[in-house]
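Q: Mind folding the following:
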Amino acid sequence: MMTAQVDRSNTDDEELMANSWSRAAELAVKFLDGERAVEVAEAAGPKLVEAGRHSAAAQLYMGAEMIREAVDAFADAREWTKARRVARELEPRLEAYVEQRYKDHLQNQGQFDELVNVDLERALGVLVQQGEWERAIQTAGEQVRTRERVTCAAN
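A: Here you go, the predicted model:
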């Protein structure tokens, strides 16, 4: 494969490398199947992700039926809607995996308010681990009151 020859050993041009790997991905998706498509995806996919071309990597992975890798490419780019859609439509067993990655991301990025909305128990656990007992109690109380209002409004 010609594009396999374009790497850091023979050029410092990041754009040239990324374009070469993107073109390899396009050709692989169009013309290859089976084992050869997997080989190209395994070679080009990580390079596309490294170059910030997550969507191209995900398309390449999907073309090679490497669905978990496609989901990972979207998740690495924080494209959660796309990661969820690929999992739901192509490999439903990966839906829980995507949600776990999303929760990990929220926790690692300190997006506590969003984590509360997605996984209250985990969010409270984070506060307890940090020794923020008052905030944990306050947050739990707020969530109970919110859920009570929603329940009452629904009835």
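Q: can you pull out the strands in the chain?
A: Along the chain, no segments are classed as strands by DSSP state E.
Q: Next one: the most centrally placed residue in it from Ala24, what distance?
A: By CA atoms, centre = their mean, the chain has its centre lying nearest to Ala75, at 0.9 Å. Distance from Ala75 to Ala24, counting by CB to CB, to the nearest Å: 23 Å. Any C-beta I mention is one placed from the backbone N, CA and C, and that applies to glycine too.
Q: Report all helices and strands that the helix ranked longest in the chain contacts.
A: Across the chain, the longest stretch assigned as helix under DSSP state H is helix 133-154. With contacts taken as 3 or more CB pairs under 8 Å, 6 or more residues apart in numbering; DSSP states H and E, helix 133-154 sits against helix 120-129.
Q: how much distance is there from the longest helix of the chain to the middle of the chain?
A: 30 Å (CA atoms, centre = their mean, to the nearest Å).
Q: Please list the residues outside it that contact it.
A: Contacts to helix 133-154, defined as CB atoms under 8 Å, 6 or more residues apart in numbering, come from residues 116, 120, 123-124, 127-128.
Q: Report the separation between Ile67 and Glu15.
A: Applying CB to CB, the value for Ile67 to Glu15 is 29 Å.
Q: what about those two, which has more around it?
A: Using other CB atoms under 10 Å, the more surrounded residue of Ile67 and Glu15 is Ile67, with 18 against 9.
Q: could you point out where the chain is predicted with low confidence?
A: For the chain, the stretches with pLDDT under 70 are 1-14, 21, 25, 28-30, 32, 148, 150, 155.
Q: Going by residue numbers, what spans are helices in it?
A: Using DSSP H, the helices of the chain run over residues 14-31, 34-50, 54-63, 67-76, 80-90, 95-108, 112-118, 120-129, 133-154.
Q: Please identify the most buried of the ones you listed.
A: Most buried of these by mean neighbour count (mean count of other CB atoms under 10 Å) is helix 54-63; its value is a mean of 24.
Q: Output it in CSV, but only the C-alpha positions, please.
A: The C-alpha trace of helix 54-63 is given here as CSV (Å, rounded to 0.1, in the frame of the first residue of the first chain):
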residue,chain,number,x,y,z
HIS,A,54,-11.7,10.5,14.2
SER,A,55,-14.6,10.4,11.8
ALA,A,56,-12.4,9.1,9.0
ALA,A,57,-11.0,6.4,11.3
ALA,A,58,-14.5,5.5,12.5
GLN,A,59,-15.7,5.1,8.9
LEU,A,60,-12.7,3.0,8.1
TYR,A,61,-13.4,0.8,11.1
MET,A,62,-17.0,0.4,10.3
GLY,A,63,-16.1,-0.6,6.7
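Q: Good, we can wrap up now.
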